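Peer 1: how would this look folded up:
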Amino acid sequence: MNTKILRLNKAGIPISWLTREETATLLVKDLVVWSLGETVIEMRGGYNRSGKQSILRLPSIVACDGKVHKENFNPPLENKFLFRRDKNICLYCGGQFAVGDLSRDHVQPLSRGGVDIWTNVVTSCRRCNNRKADRMPEQANMQLLAIPFVPNQYEFLYLSNHNVLADQMEFLSARFSRHIQLS
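Peer 2: Below you'll find the predicted structure:
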């Protein structure tokens, strides 16, 4: 089972996904300030002198002490996150494709002063990307089906884990922007 634990800072802002070993270490070292959700993993340890086995129950969400960062969140722009943001849908023709048939398209092409940022890139099938070439969508007589956006921290944590549990999704989706729609 590849279950990940959602790590928050003490203010409840998502930080990262943890393995069960990382979560167990935080719990044993008493670094978890509070937790939410169901027990998702039960780890059994050794037996004490009276014959009782130690059991460590890992919740699906843990919050740890530490500095609360208030800086702007800048998610890394990688195709796997971009394609997941756009649900593997070409934002020109509307078709849904396998990852191997998708590419990153710059709405304003790099050759025309565009930059490689979240708000200037969309998922495109190879056919539409070739058709658009180094033109603006309107010059190629193509229309964008959605406006590209930068995922916030909550959305990015969702995009970076393919096995989000129900209570983790409930926590994260409460802070999704109006741009992201779950299907």
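
Peer 1: which strand runs longest in this structure?
Peer 2: strand 32-47 (DSSP state E).

Peer 1: what's next to that strand, contact-wise?
Peer 2: 1, 3, 5, 10, 20, 23-24, 26, 53-65, 165, 167-168, 171 (Cβ atoms under 8 Å, 6 or more residues apart in numbering). Glycine gets a C-beta too; all of them are placed from N, C-alpha and C.

Peer 1: stretch 75-85 too?
Peer 2: 99, 102, 104, 116-118, 121-123, 149-151, 153, 155-156, 159-160, 180.

Peer 1: same deal with stretch 95-106?
Peer 2: 79-80, 82-83, 87-92, 114, 116, 120-126, 128-129, 132.

Peer 1: alpha carbons of that stretch, as CSV, please.
Peer 2: Taking C-alpha atoms only, stretch 95-106 is exported to CSV below (Å, rounded to 0.1, in the frame of the first residue of the first chain):
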residue,chain,number,x,y,z
GLY,A,95,-10.0,15.5,-26.2
GLN,A,96,-8.7,13.5,-23.2
PHE,A,97,-5.4,11.7,-23.9
ALA,A,98,-2.8,9.4,-22.4
VAL,A,99,0.2,11.2,-20.9
GLY,A,100,2.4,10.1,-23.8
ASP,A,101,0.2,11.8,-26.3
LEU,A,102,0.3,15.2,-24.5
SER,A,103,2.6,18.1,-24.6
ARG,A,104,3.1,21.5,-22.9
ASP,A,105,1.9,24.4,-25.1
HIS,A,106,2.9,28.0,-24.4
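
Peer 1: hmm, back to that, put the buried members of the contacts of stretch 95-106 into a ChimeraX selection.
Peer 2: Buried residues among the contacts of stretch 95-106 (16 or more other Cβ atoms under 10 Å), as a ChimeraX selection:
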select :82,83,88,89,90,91,92,120,121,122,123,124,125,128,129,132
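
Peer 1: the contacts of stretch 95-106 in strands, which ones?
Peer 2: 121-125.

Peer 1: want to throw those residues into a markdown table with pLDDT?
Peer 2: As requested, the ones in strands among the contacts of stretch 95-106 are exported to a markdown table (pLDDT from 0 to 100):
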| residue | pLDDT |
| --- | --- |
| 121 | 98 |
| 122 | 98 |
| 123 | 98 |
| 124 | 98 |
| 125 | 98 |
